[in-house]
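Peer 1: Here's my sequence, what's the structure:
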Amino acid sequence: MKICIIAEGSYPYITGGVSSWVNTLIQNMDMYEFVIYAIAPEEKSRGDFKYDLPKNVSGVSEVFLDSWKNEPVVKQSKLKFSILERETIKELILGRPFDWDHLFKLIEQKKVNAVQDFLLSRDFFDIVYQAYVESYSQTPFTEFFWTMRSLLLPLFHIMKHDIPEADVYHAPSTGYAGIVGSLAKRRYGKPLIITEHGIYTREREIEIIKATWMKNYYKNMWIEFFYNLSRCSYDYADRVITLFNRNKEVEITLGCNENIISIIPNGVDYDGFSKLAKVEPIRKPNLKYSVGAIVRVVPIKDIKTMISAFALVKQELPETEFVIIGPIDEDEDYYNECIQLVEDLKLKDLTFTGKADVKSYIPHSDLFVLSSISEGQPLSLLETMACGKPNIATDVGSCKEVIYGSADRLGKCGVVVPIMDYVTLSKSIVKLLRDEPLRKEMGEIAMKRVDNYFRREMMVNSYMDIYEEMGNR
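Peer 2: I've put the predicted structure just below:
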């Protein structure tokens, strides 16, 4: 069986999170052939893989959102869109629901050969103008036109790329990856599986609301555009898999058919990580406590709230160190802002390790912290729990279900705090550091919970069953 994994902004260019999940899935299914359709923002990432590809990966198709710049501008004759096609593109621009079949037919009929030319054509101009008159006539037209061009360019650029033929298509998100999967299902008639770790549309919505480069009166249109992408993915998918019940409820409200949704929690190598619980912690001279965070240094992880909390902890417990373990090069501007905040707060004993072997750091921290404003079911949370470490995490994704337990009566293995509340976060850290018996009790509960519900082999076996079911259709 040949399975095409359609990864957007993750594997194999970025480590951790979804990328780690994809790599684990492939490594533990050597009976299948995998091909990767990788979508990344910039051409400069070409071939810059952060993983050694498993032997059962037969190929990687790389597609970059900025590579349209390299396409020659070919002057086409008038495109002659039908009324239905014009209406479809207008509804896409305005973020309204429409039948994606009409848009896919337009692509298949090769009416859009050169994306740049299409977006500068008189046909596109007329469609944009109709949308403008209908809903945005109070804004400058030139600004509206170039905003629409930016909105649609990546989508049309991706849709006109070749897609490898496979027996099953599996996208670890909706968004652009989900669109490619939907187009592949239509083109080849093969099943599509969507796995949502977080809710893609909610994550894009957060980014758009916080964006300073975008005019406020266009933000809702961008948000609705991404909701439209997700609706397409849900409509075409044969199975939608999520990691926990809260996400399932959100997917249903976003238009996904409840009958095709399954819940498969993430899984980690419990046997490997649990051995680390026996490793004796090493402390630097004059330091009594150590707090760790396994996280990518990017805005959605809200590292600044974590740093602000650490500063308050240092006032209460000066003998504490903080170790932030994870890549620092994914958003260099944000990393520099974090470094500046550390300097402004005159915060000592804080280390950014960069990309590192987490197993060499986990045993030496008393507890771990996660301050994200959006998550799915963090692998780092499960990995540190498997090592017997309590966690303090924001109330995002499945953190509350994992830490407090929704399917057992084992008890709490950490603390859940509100997002962006560095004061409550700092108080929770201080409380656990001062209470060693409580930390030990929570650590034991954490190990039991992972052992019972979040083992890697449980996750792998569940996906194997689904691949076999889909492949036999």
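Peer 1: alpha carbons only for contacts and neighbour counts from here, please
Peer 2: Noted.
Peer 1: need the contact list for the nearest residue to Leu379 once chain neighbours are set aside.
Peer 2: Sequence neighbours aside, Gly17 is the residue nearest to Leu379 in space, at 6.3 Å (criterion: C-alpha to C-alpha, 6 or more residues apart in numbering). With C-alpha atoms under 8 Å, 6 or more residues apart in numbering as the criterion, the residues that contact Gly17 are 378-380.
Peer 1: I'd like the residues you listed laid out as a markdown table, including neighbour count.
Peer 2: Supplementary listing: the contacts of Gly17 in a markdown table, determined by neighbours: other C-alpha atoms under 10 Å:
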| residue | neighbour count |
| --- | --- |
| Pro378 | 21 |
| Leu379 | 19 |
| Ser380 | 19 |
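Peer 1: closest to Val268 among the residues you listed?
Peer 2: Distances from Val268 to these, taken as C-alpha to C-alpha, are shortest for Leu379 (7.2 Å).
Peer 1: Run a quick check on the closest one versus Tyr270, I expect a contact.
Peer 2: No: the pair Leu379 and Tyr270 does not pass the contact test of C-alpha atoms under 8 Å, sitting 11.7 Å apart.
Peer 1: From Glu203, how far out is the nearest residue to Ser371 once chain neighbours are set aside?
Peer 2: Closest residue to Ser371 apart from its sequence neighbours, by C-alpha to C-alpha, 6+ apart: Thr394 at 5.4 Å. Distance from Thr394 to Glu203, counting by C-alpha to C-alpha, to the nearest Å: 15 Å.
Peer 1: Give me the more crowded residue out of those two.
Peer 2: For Thr394 against Glu203, the residue with the higher neighbour count under other C-alpha atoms under 10 Å is Thr394, and the figures read 24 against 14.
Peer 1: tally of neighbours for Thr24?
Peer 2: Residues near Thr24, counting by other C-alpha under 10 Å: 17.
Peer 1: in this protein, which ranges drop under the pLDDT threshold?
Peer 2: For the chain, the stretches flagged by pLDDT under 70 are 70-79, 110-114.
Peer 1: Where do the domain boundaries of it fall?
Peer 2: Here the domain assignment for the chain is 2-70+162-263, 83-153, 270-453, based on automatic domain parsing.
Peer 1: contact partners of the strand or helix carrying Thr142?
Peer 2: When secondary structure is defined using DSSP states H and E, the element that contains Thr142 is helix 141-159. Where contact means C-alpha under 8 Å, 6+ apart, the residues beyond helix 141-159 that reach it are 63, 65-66, 68, 93, 107, 115-116, 119, 125, 128-129, 132, 136, 176, 179-180, 183, 222.
Peer 1: helices and strands around the biggest helix by length in the chain, which ones?
Peer 2: For the chain, the helix that runs over the most residues, judged by DSSP state H, is helix 216-236. Of the remaining helices and strands, those touching helix 216-236 by 3 or more C-alpha pairs under 8 Å, 6 or more residues apart in numbering; DSSP states H and E are helix 83-94, helix 175-188, strand 192-196, helix 200-210.
Peer 1: Can you check what angle separates the last one from helix 216-236?
Peer 2: Using axes from the mean of the first three to the mean of the last three C-alpha atoms, to 10 degrees, the direction of helix 200-210 lies 170 degrees away from that of helix 216-236.
Peer 1: all strands for this protein, in order.
Peer 2: Under the criterion DSSP state E, the chain contains strands at 2-8, 33-40, 57-64, 168-171, 192-196, 239-242, 261-263, 289-294, 320-325, 350-354, 367-370, 391-394, 414-417.
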